[in-house]
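[1] can't give you the sequence, but here's the structure:
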Ligand SMILES: Cc1ncc(COP(=O)(O)O)c(C=O)c1O
C-alpha cells in the first residue's frame, strides 16, 4: 500500500527557492499546494520526488515518454552521441537518417524540417501554409492546443468565456490584436458549422489546423474525412497537429490510425524519448516553399533554429523509432490502455458517479459528466472540480496523471495497471465519501 511520505527538508527548500526565483513557481502536478513536488528522478513507468515517494507516472512529461523514462536504448544512444558533440547547426549523419525515417513513417511526409519543440513545428507549419496559399487567416478548433505561440494560444482548453464562432479568444495577455484578427475558430466534430465558416472565408484562409484527436476527444466518424474534402475543395492546406498523436496512436500517427492524410503535419514529443524535438513535414510543393529556389529569389520561407536537427535529439529519436518498430509494441500499449479505460469507467459506475472515459487507449481521461463529450463546450459542462480532486486523491495513492489526461507508456506493466485500478477505486470511494 502506498503511503505518501512527509515532505523532506530538501524538497521544501527546493519548492521555496522555485517560488522565489521563477515567476509562476515550480509546476505542480495538481492544483493543491499540498501536492507540489520536485522530481528527483524518473525511470520506466515511475517518477520519484525529493521526499522519497515513488509514483506510477501517467503524466509522462506531458506525453513524450512513450517508451517510459530513461529507456536503456535511448540512454545508450545519447551517451554515445555526447562524445561527438551536441550542436553543430550543420546537419550530421543522425539528422539525415532521421529525416529519411520520418518520410518513411509519416504518410503525408515528402520532406521534413526539424525544430526543438512542438510549438515551433505548428508555428512554422502555419507560416509555410501562409506563404504557399498567399493568404493570412488560419482556422483552428475551439479547445484545440497547438503550443505557446501567438496564433496558437487562442480559444484553447484554457478558454473561460468562449465567443460566438468564429471569433477567437486570447488565452494569454500579450497576444496582439493583429494576430487575433487572423484567427478563426470553429467547433470540433461539427462539420456543418466548420463548412459554413470555411465557405465564408475560403478566399482569406491560409490553413486549417486541427488536433486529429482533440485533447482526449476522438473525431467522430467522418469528421476528419469531411474536413479533408472541405479543405481540398477550396485548396486550403490541412495541417494535422500530431504533437501528441504522432507515434502514439500508431507508428504513422493519427493519419495512419484514422486513415486521413493532411497536407502538412507537426510532430514532437513521443518520437525522441524526452529529448527536445519538433518536426514539420508535409507535401513536397508546400515544403518546397522553404527550398533554395524560392529563398534565392527572396520569396522563400525561412526555417531555422540553433538546435534544429541537433545530433542528440536525432540519435534519441532514431533509437526510439527502432524500439517502436518492434513487433507487438503497440498491441501491448493498446491492451494495457484499454484495460485501464474500461476499469475507470466501471469504477465510476460502481460508485454511482456519472463519468465517462474519452480518448484512445494510449491517451485518455475520465470526465465527470452525465452528458456526451464531442467538443470543448461539452468539456465545460463536466465537473472540473471533481476531476481535479480525483487527481489529488490518486496522487495520495501513488499515481500521477496529467491534467485532463492519462498518458500510457510502453513501460507500464500489467502490475502497474493493476495497482492503478486499485488506487482509482479507492480514490473514487474517497471522492464519494467526501461528498466532492
Ligand atoms: C497537440 C499539441 N501541439 C503542440 C504542443 C506544443 O508542444 P511543445 O510543448 O513541445 O512546444 C503540444 C504540447 O503539449 C500539444 O499537446
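    Nice, I can see it. Note that this is a predicted model, so its numbers are computed, not measured.
[2] tell me, how many residues neighbour the closest residue to the ligand within the stretch 101-250 of the chain?
    Minimum separation of the stretch 101-250 of the chain from the ligand (Cβ to the nearest ligand atom) falls at residue 118, amounting to 2.4 Å. For glycine as for every other residue, the C-beta is placed from the backbone atoms N, C-alpha and C. Residue 118 has 29 neighbours, counted by other Cβ atoms under 10 Å.
[3] give me the phi and psi for the most far-flung residue of the chain relative to its centre.
    The outermost residue of the chain, judged against the average C-alpha position, is residue 297 (36.5 Å), by Cα atoms, centre = their mean. Main-chain torsions, residue 297, degrees, to the nearest 10: phi -90, psi 0.
[4] state the distance from it to the ligand.
    Shown here: residue 297 relative to the ligand, a distance of 31 Å by Cβ to the nearest ligand atom, to the nearest Å.
[5] enumerate every residue touching that residue.
    Counting by Cβ atoms under 8 Å, 6 or more residues apart in numbering, residue 297 touches no other residue.
[6] quick one: pLDDT of it?
    pLDDT recorded at residue 297 is 90.
[7] rewinding a little: do I have it right that the residue of the stretch 101-250 of the chain closest to the ligand meets residue 280?
    No. Assessed by Cβ atoms under 8 Å, residue 118 is found out of contact with residue 280, at 10.0 Å.
[8] which residues do those two both contact?
    residue 266.
[9] helix/strand/coil for residue 42?
    The assignment at residue 42 comes out as strand when based on DSSP: H, G, I helix; E, B strand; the rest coil.
[10] for the ligand, see how far away it is.
    Applying Cβ to the nearest ligand atom to residue 42 and the ligand gives a distance of 18 Å.
[11] likewise residue 16?
    Distance of residue 16 to the ligand, given as Cβ to the nearest ligand atom: 27 Å.
[12] that residue should be in a helix, yeah?
    Yes. Assignment of residue 16 by three-state DSSP places it within a helix.
[13] strands along the stretch 301-436 of the chain, start to end?
    356-360, 363-367, 399-401, 406-407 (DSSP state E, counting those that start in this stretch).
[14] nearest to the ligand, of those strands?
    Among the strands of the stretch 301-436 of the chain, strand 363-367 comes nearest to the ligand, with 9.8 Å by Cβ to the nearest ligand atom.
[15] just to revisit the earlier point, contacting residues around the residue of the stretch 101-250 of the chain closest to the ligand?
    Counting by Cβ under 8 Å, 6+ apart, residue 118 makes contact with 146-147, 241, 243, 266-269, 278.
[16] what about the strands in the stretch 1-150 of the chain?
    For the stretch 1-150 of the chain, strands defined by DSSP E, counting those that start in this stretch occupy the ranges 39-43, 46-49, 54-58, 111-115, 137-141.
[17] out of those, which one sits most buried?
    Here the criterion is mean neighbour count by mean count of other Cβ atoms under 10 Å, and of the strands of the stretch 1-150 of the chain the winner is strand 137-141, at a mean of 25.
[18] hmm, that one touching the ligand?
    No. Figure legend: strand 137-141 not in contact with the ligand (Cβ under 6 Å from any ligand atom); closest approach 11.0 Å.
[19] who does that strand touch, helix- and strand-wise?
    If you count contacts as 3 or more Cβ pairs under 8 Å, 6 or more residues apart in numbering; DSSP states H and E, strand 137-141 packs onto helix 118-133, strand 183-186, helix 191-201, strand 205-210.
[20] wait, residue 185 sits on residue 171?
    No. Assessed by Cβ under 8 Å, residue 185 is found out of contact with residue 171, at 11.5 Å.
[21] overlap in contacts of those two?
    Counting by Cβ under 8 Å, 6+ apart, the residues touching both residue 185 and residue 171 are 154-155.
[22] tell me which of the two has more neighbours.
    Per other Cβ under 10 Å, whichever of residue 185 and residue 171 has more neighbours is residue 185, with 25 against 17.
[23] which residues are in contact with that one?
    Residue 185 touches 139-142, 154-155, 163, 165-169, counting by Cβ under 8 Å, 6+ apart.
[24] bridge partners for it, pull those for me.
    On the basis of DSSP bridges, residue 185 is bridged to residue 140.
[25] get me the contact residues on this structure for the ligand.
    Going by Cβ under 6 Å from any ligand atom, the residues of the chain near the ligand are 62, 117-119, 122, 145-147, 211, 241, 243-244, 268.
[26] tell me the confidence at residue 436?
    On pLDDT, residue 436 comes in at 70.
[27] now residue 403
    If you check residue 403, the pLDDT there is 86.
[28] likewise residue 207?
    98.
[29] for it, list each beta-bridge partner.
    Following DSSP bridges, residue 207 is listed with bridge partners residue 138.
[30] run through the residues that contact it.
    Residues in contact with residue 207 (Cβ under 8 Å, 6+ apart) are 125-126, 129-130, 133, 138-139, 236-239, 264.
[31] which SS state does residue 159 fall under?
    coil.
[32] you'd agree it is up against residue 142?
    Yes. Residue 159 is within contact range of residue 142, at 7.0 Å (criterion: Cβ under 8 Å).
[33] in TSV, list the strands of the stretch 301-436 of the chain along with mean neighbour count.
    Below are those laid out as TSV (neighbours: other Cβ atoms under 10 Å):
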stretch	mean neighbour count
strand 356-360	21
strand 363-367	26
strand 399-401	24
strand 406-407	28
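[34] ok, which of these comes nearest residue 423?
    Among these, strand 399-401 comes nearest to residue 423, with 4.8 Å by Cβ to Cβ.
[35] packing partners of that closest one?
    Counting by 3+ Cβ pairs under 8 Å, 6+ apart, strand 399-401 packs on strand 54-58, helix 384-396, helix 414-434.
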